[in-house]
Every structure is written in structure tokens, then in C-alpha cells.
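> sequence and predicted structure below; questions after.
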Amino acid sequence: MSRPDHPDYRFTLANERTLLAWLRTGLALVAGGIAVATYAPDLGVRWGSTALALALVLLGMGTVLGGFVRWRANEAAIAADRPLPDNWVAPALVGVLAGVLVVALVLVGVEVLRG
């Protein structure tokens, strides 16, 4: 049973699990960037692999930082018994990742047509 002056611990633990999911996603994006740089050194154009790898690594870092900012804001709202703040991290991640995927698709298309 939780104390009356403290929020339910389940909310804090659920928020922590969400942070861990953001961290795993960021780590996967960084690993994807490293894989592109390692296994597709000349993707489409000479600079294509480097640009795609850098974009994935930066997106991964941004995902981790955005997840942390979201976790802190949610923790503050939980502690103050306020509604959770709007989630801007997920829509931003989806938008940027969609752009990176379009660039990857174009680079793969150039590679296939050139091959």
C-alpha cells in the first residue's frame, strides 16, 4: 500500500520501463548506423553510406535524450499529481525516421540501378 503523500509506485515503475524502451530504441538506431557504415561502405553514392550512418547514429542519440526528457517530465507530473505532459518525442522520432528511411530507399535504388 502506498503512502498518501507519495504517488503509486506502479506509475513510477511503468515510467521507468518506458524510458528503458526509449533507450533500447536509441541503441538499435546507433547499431543500425554502425552496421550501415560497416557493411554498406559505398551505398548508392560515395557519401551515401556515411550520411545514412551518421543520420542513424544522431537519431539514436536524439531518441535517448528525448526519452530521458520525457521521463523527467512524466516523473515531475506524477509527483505533483498533474496530468502527463504532451508527448512530442514520438511524433518527432517518427517524422525524422521517415525522412531517413526515404533517403535510405533512394540510396538503395541508386545502388541497384547502378549495379
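All right, it came through fine. All values reported here derive from a predicted model rather than from experimental measurement.
> so where's the chain shaky on pLDDT?
1-5 (pLDDT under 70).
> just the helices in it please.
Listed in chain order, the helices found in the chain under DSSP state H are 9-39, 48-79, 89-114.
> would you quantify the distance from the spatially most central residue of the chain to Trp22?
The geometric centre of the chain, computed from its C-alpha atoms, lies nearest to Thr63 (CA atoms, centre = their mean), at 3.0 Å. Note on Thr63: its distance to Trp22, by CB to CB, to the nearest Å, is 6 Å. C-betas here are computed from N, CA, C, even on glycine.
> what's the overlap in contacts for these two?
Contact with both Thr63 and Trp22 is made by residues Val89, according to CB atoms under 8 Å, 6 or more residues apart in numbering.
> so who does the nearest residue to Ala104 once chain neighbours are set aside touch?
Spatially, and ignoring its direct neighbours in sequence, Ala104 is nearest to Leu52 (5.6 Å; CB to CB, 6 or more residues apart in numbering). Counting by CB under 8 Å, 6+ apart, Leu52 touches 33, 36, 40, 43, 100, 103-104, 107.
> want to throw those residues into JSON lines with distance to Val94 and neighbour count?
As requested, the contacts of Leu52 are exported to JSON lines (distance: CB to CB, whole Å; neighbours: other CB atoms under 10 Å):
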{"residue": "Gly33", "distance to Val94": "18", "neighbour count": "22"}
{"residue": "Val36", "distance to Val94": "20", "neighbour count": "23"}
{"residue": "Ala40", "distance to Val94": "24", "neighbour count": "17"}
{"residue": "Leu43", "distance to Val94": "23", "neighbour count": "21"}
{"residue": "Val100", "distance to Val94": "11", "neighbour count": "19"}
{"residue": "Val103", "distance to Val94": "15", "neighbour count": "15"}
{"residue": "Ala104", "distance to Val94": "15", "neighbour count": "20"}
{"residue": "Leu107", "distance to Val94": "20", "neighbour count": "21"}
